[in-house]
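Engineer: mind folding the following:
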Amino acid sequence: MDLEKPPAQPQQQATPEGCLAVAIRIPVRIVVLVLVVPVRMVWDALVVVGRVLRDTVLRPFGRALAWLGRALFVWPFIGLWRYVVVPLGRALGWLGNVLVLVPLGWLYRYALTPLGHALAWVVRGIGAGLAWVYAYVLTPVGHAVVWALRGLGAGLVWVYARALTPVGHAVMWALRGLGAVLAALGLGVFGVLVWLVRHLVVVPVVWVYTWILTPVGHAIAWCARGLAWTLGMIVTGVGMTLYWVTRVLFVLPALALWRWILVPVGRVLAVLGREVAEALRHAWRIAGHLSLAVGRFLATLFRWIFVEPVRWVYRTVLTPVGHVIRDLVLRPAAEAARSVGRATRQALAAARESVRQARADFRRMLFGEPGQSEVVDRREPTGAETRTLGSSTTALTKD
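Structural biologist: As a prediction, the model looks like this:
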């Protein structure tokens, strides 16, 4: 339990209300109250009827449906699982163990294991033979082959160093001389071609670019800038004209419509809507109190008109009559029924005893008297003796 007081909430400042809100509030609340009271009473009546139906019809019906669903679906499946599937699974497991696992275990233990040991012994023998062949046959042969390849490599190195290298040097010297001669001839021809290209192509092209194309390009750029400025001024003038036409014909009327018509109307509608919503809440709360009072009045009227008379009739008329009927009719009838049942049970017991005696006589007539068993003294106390302080009833210490 929180003993400390919560901090005080700051009081909200009441917004000043205009005369329009005060003039609208009372009529709207009266009209809304007249319209909402029947709706709230119908709603409360429907709530009461729904609760009664839920408690008296829907909940028992749901429980019956749940029980029926368990009886039709859950319990049969539980019985099927418990008394059919589980025993069948255990039987199949036992059959699988007996018919599959045990034979496979026997096969692995007494057939595959010795066969595997034999194969391992054979593989070990083959591996030992291959190791002997590698060590004493292939290794000497490999060493001889390596020695032969080393000798062949040494011969090829001697041929490369003493025969092919001098021949290659001589060929390279000849090719260098031939390249020097061809380079001297090509340098003279290339110089002549460069001088011709410079004086016949480059110099005229530079002169044309400097004295013809550059002034023409400057004139074209100046004309383009003037044309762009002219078009910009035209577009600016047209844009300003369209802007002022649009502002005067559309924006200013729309702004005046919004400022002087729509905003006041919206404020009035907002005040009206707020007052209607507040009136609805107030009327719904008052209608709830009225509906509660009417419901209590109807419940009291129903109790005094129907329940109390029925209770008085049950208490002052039906209960004494029921007691009289119970004492004069039902109890004697129950006693008579119990006596009849007792006599019936005794008759049935006598009949069973007669049948048992007849069966014993028939067995004795067919097979004779049964042999008498020898009585063995087990030194057990008899039931006739009573236990006292000076005597013992134990089988080992009894006198």
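Engineer: every contact and neighbour count from this point should use C-alpha atoms.
Structural biologist: Noted.
Engineer: where in this protein is the helix or strand with the lowest mean pLDDT?
Structural biologist: helix 165-197 (a mean of 71; mean pLDDT, DSSP states H and E).
Engineer: in the stretch 51-200 of the chain, where is pLDDT below threshold?
Structural biologist: 163, 177, 179-189, 191 (pLDDT under 70).
Engineer: what is the neighbour count of residue 29?
Structural biologist: 20 (other C-alpha atoms under 10 Å).
Engineer: and if you look at residue 25?
Structural biologist: Counted with other C-alpha under 10 Å, residue 25 comes out at 18.
Engineer: any idea which helix or strand carries it?
Structural biologist: Assigned by DSSP states H and E, residue 25 falls within helix 19-53.
Engineer: what residue is smack in the middle of the protein?
Structural biologist: Geometric centre of the chain, nearest residue: residue 74, 24.6 Å, by C-alpha atoms, centre = their mean.
Engineer: how close does that one get to residue 81?
Structural biologist: Applying C-alpha to C-alpha, to the nearest Å, the value for residue 74 to residue 81 is 10 Å.
Engineer: and residue 88, by the same measure?
Structural biologist: The value you get for residue 88 to residue 81, if C-alpha to C-alpha is used, is 10 Å.
Engineer: list residues touching both of these two?
Structural biologist: Common contact partners of residue 88 and residue 81 (C-alpha atoms under 8 Å, 6 or more residues apart in numbering): none.
Engineer: now residue 66. Its backbone dihedrals?
Structural biologist: The phi/psi pair for residue 66 (degrees, to the nearest 10) reads phi -60, psi -40.
Engineer: any idea how far residue 72 is from it?
Structural biologist: Where residue 72 is concerned, residue 66 sits at a distance of 10 Å (C-alpha to C-alpha).
Engineer: what does residue 37 give?
Structural biologist: From residue 37 to residue 72 the distance is 49 Å (C-alpha to C-alpha).
Engineer: when these two are compared, which one has more neighbours?
Structural biologist: With neighbours defined as other C-alpha under 10 Å, residue 37 and residue 72 compare such that residue 37 has more, 20 against 11.
Engineer: sec struct for the residue nearest to the centre of the chain, please.
Structural biologist: Three-state call for residue 74 (DSSP: H, G, I helix; E, B strand; the rest coil): helix.
Engineer: distance of it relative to residue 58?
Structural biologist: Taken as C-alpha to C-alpha, the span from residue 74 to residue 58 is 22 Å.
Engineer: before we move on, what about residue 137?
Structural biologist: For residue 137, the distance to residue 58 - C-alpha to C-alpha - is 99 Å.
Engineer: same deal with residue 276?
Structural biologist: Distance from residue 276 to residue 58, by C-alpha to C-alpha: 38 Å.
Engineer: which one's more surrounded, these two?
Structural biologist: Per other C-alpha under 10 Å, whichever of residue 276 and residue 58 has more neighbours is residue 276, with 19 against 14.
Engineer: which residues does the more buried one contact?
Structural biologist: Here residue 276 is in contact with 25, 28, 29, 32 (C-alpha under 8 Å, 6+ apart).
Engineer: show me what counts as buried in the helix or strand containing residue 67.
Structural biologist: Using DSSP H and E, residue 67 maps to helix 59-69. Within helix 59-69, no residue is scored as buried using 16 or more other C-alpha atoms under 10 Å.
Engineer: how about the CA coordinates for it, as PDB?
Structural biologist: Extracted in PDB, the C-alpha atoms of helix 59-69 (Å, rounded to 0.1, in the frame of the first residue of the first chain):
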ATOM      1  CA  ARG A  59     -21.400 -21.600 -21.700                       C
ATOM      2  CA  PRO A  60     -23.300 -24.900 -21.100                       C
ATOM      3  CA  PHE A  61     -23.600 -25.500 -24.800                       C
ATOM      4  CA  GLY A  62     -19.800 -24.800 -25.200                       C
ATOM      5  CA  ARG A  63     -19.100 -27.200 -22.300                       C
ATOM      6  CA  ALA A  64     -21.300 -29.800 -24.000                       C
ATOM      7  CA  LEU A  65     -19.500 -29.300 -27.300                       C
ATOM      8  CA  ALA A  66     -16.200 -29.600 -25.500                       C
ATOM      9  CA  TRP A  67     -17.200 -32.800 -23.800                       C
ATOM     10  CA  LEU A  68     -18.600 -34.100 -27.100                       C
ATOM     11  CA  GLY A  69     -15.400 -33.200 -28.900                       C
END
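Engineer: quick check: angle from that helix to helix 19-53?
Structural biologist: 50 degrees (axes from the mean of the first three to the mean of the last three C-alpha atoms, to 10 degrees).
Engineer: quick one: helix 59-69 to chain centroid distance?
Structural biologist: 29 Å (C-alpha atoms, centre = their mean, to the nearest Å).
Engineer: roughly how far does residue 71 sit from residue 311?
Structural biologist: 40 Å.
Engineer: and for residue 299?
Structural biologist: Residue 299 is 15 Å from residue 311, by C-alpha to C-alpha.
Engineer: again, but for residue 328
Structural biologist: 24 Å.
Engineer: next one: residue 228
Structural biologist: 107 Å.
Engineer: now swap in residue 321 and tell me
Structural biologist: 15 Å.
Engineer: same question for residue 295.
Structural biologist: On the measure of C-alpha to C-alpha, residue 295 and residue 311 end up 21 Å apart.
Engineer: between these two, tell me which one has more neighbours.
Structural biologist: Neighbour count, other C-alpha under 10 Å: between residue 295 and residue 311, residue 295 has more, with 16 against 13.
Engineer: is the more buried one within a helix or a strand, and which one?
Structural biologist: helix 263-302.
Engineer: show the average pLDDT along the helix or strand just after that helix.
Structural biologist: Tracing the chain past helix 263-302, the next element assigned as helix or strand by DSSP H and E is helix 308-313. Here helix 308-313 scores 91 as its mean pLDDT.
Engineer: distance between helix 308-313 and the chain's centre?
Structural biologist: 58 Å.
Engineer: show me what the next helix or strand after that helix is packed against.
Structural biologist: Downstream of helix 308-313, the first helix or strand assigned by DSSP H and E is helix 319-325. The criterion is 3 or more C-alpha pairs under 8 Å, 6 or more residues apart in numbering; DSSP states H and E, and there are no helices or strands that helix 319-325 contacts.
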